[in-house]
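Engineer: Build me a model:
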Amino acid sequence: MLITLDTNLLIKTKLDAHQFVSLKLIQEKEYDILREYLSETSQSHQFLSEIPELVTMGYLLSFRKEAYDFNNLQIADNFIKLISGNDLFQELVMNYPKSVVRPDGNTDYLLTDLPKAKNIYTKLVQNNKMLHEHILSCLKQEIDDKESNDSMKFMKRLPKWISDKSWETYNEQVRDLQSVNGSSNFGYGTTIE
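Structural biologist: Purely as a prediction, here's the structure:
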């Protein structure tokens, strides 16, 4: 796997190269490569001891100390935003699943024809950060639903997902979650008693 390091980003984030590579592998859900990388570089114990600090820095979501399983680690939005910069499409790509195993057992790569997908997404979002954030919330909800129902195998390729506006299927679920969490303002007639 090829990972590009920008030294300016390392300075800005106050991460060392090992931490950045490890976070990037967690983000890509490449846990086997992460284990091999940490083992080959003799960094396993070092990285495990740095997890609480990475949580405090806002790059990892909270982590149960008693279960040192890399599969339980989740990258925080903070890290994704830092490495994607102001490119909304790049942030979408970083959150979108890379591949799935289809019902016939073949691996299908979902990040195909990225220039076409970027063109469609850019026209659709038009730098509207709120719309982009809503689409990301819907994507996360869709991934959670598909993972819990063992239906990731039906995830669309990115260009089709964007052009079909597939996130709209999850609009109501995301709004419901936001209202439960108190992060949505409702107008007249939307209060449930």
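Engineer: which ones are touching Leu124?
Structural biologist: Residues in contact with Leu124 (C-beta atoms under 8 Å, 6 or more residues apart in numbering) are Leu131, Ile162, Lys165. To be clear about C-beta, it is placed using only N, CA and C from the backbone, and glycine gets the same treatment.
Engineer: residue ranges of the strands in this structure, please?
Structural biologist: 99-101, 107-109 (DSSP state E).
Engineer: on that earlier part again, most surrounded residue in the contacts of Leu124?
Structural biologist: Sorting the contacts of Leu124 by how many neighbours each has (other C-beta atoms under 10 Å) puts Ile162 first, at 24 neighbours.
Engineer: Please look at that residue and Asn119 and confirm they touch.
Structural biologist: No - here Ile162 does not reach Asn119: they are 9.6 Å apart, not a contact under C-beta atoms under 8 Å.
Engineer: picking up where we left off before, tell me the one of the contacts of Leu124 nearest Ser179?
Structural biologist: Closest approach to Ser179 among the contacts of Leu124 (C-beta to C-beta): Leu131, at 18.8 Å.
Engineer: Relative to Lys165, how far out is the residue nearest to that closest one when sequence neighbours are not counted?
Structural biologist: Nearest residue to Leu131 in three dimensions, chain neighbours excluded: Val125, at 5.4 Å (C-beta to C-beta, 6 or more residues apart in numbering). Distance from Val125 to Lys165, counting by C-beta to C-beta, to the nearest Å: 11 Å.
Engineer: likewise Leu48?
Structural biologist: From Leu48 to Lys165 the distance is 42 Å (C-beta to C-beta).
Engineer: Output the below-cut-off pLDDT ranges for this structure.
Structural biologist: Regions of the chain meeting the criterion pLDDT under 70 cover residues 63-68, 84-86, 181-193.
Engineer: quick check: domain ranges of it?
Structural biologist: According to automatic domain parsing, the chain comprises the domains 15-77, 85-181.
Engineer: nearest to Thr4, of those domains?
Structural biologist: For Thr4, the closest of the domains of the chain is domain 15-77, at 9.3 Å, according to C-beta to C-beta.
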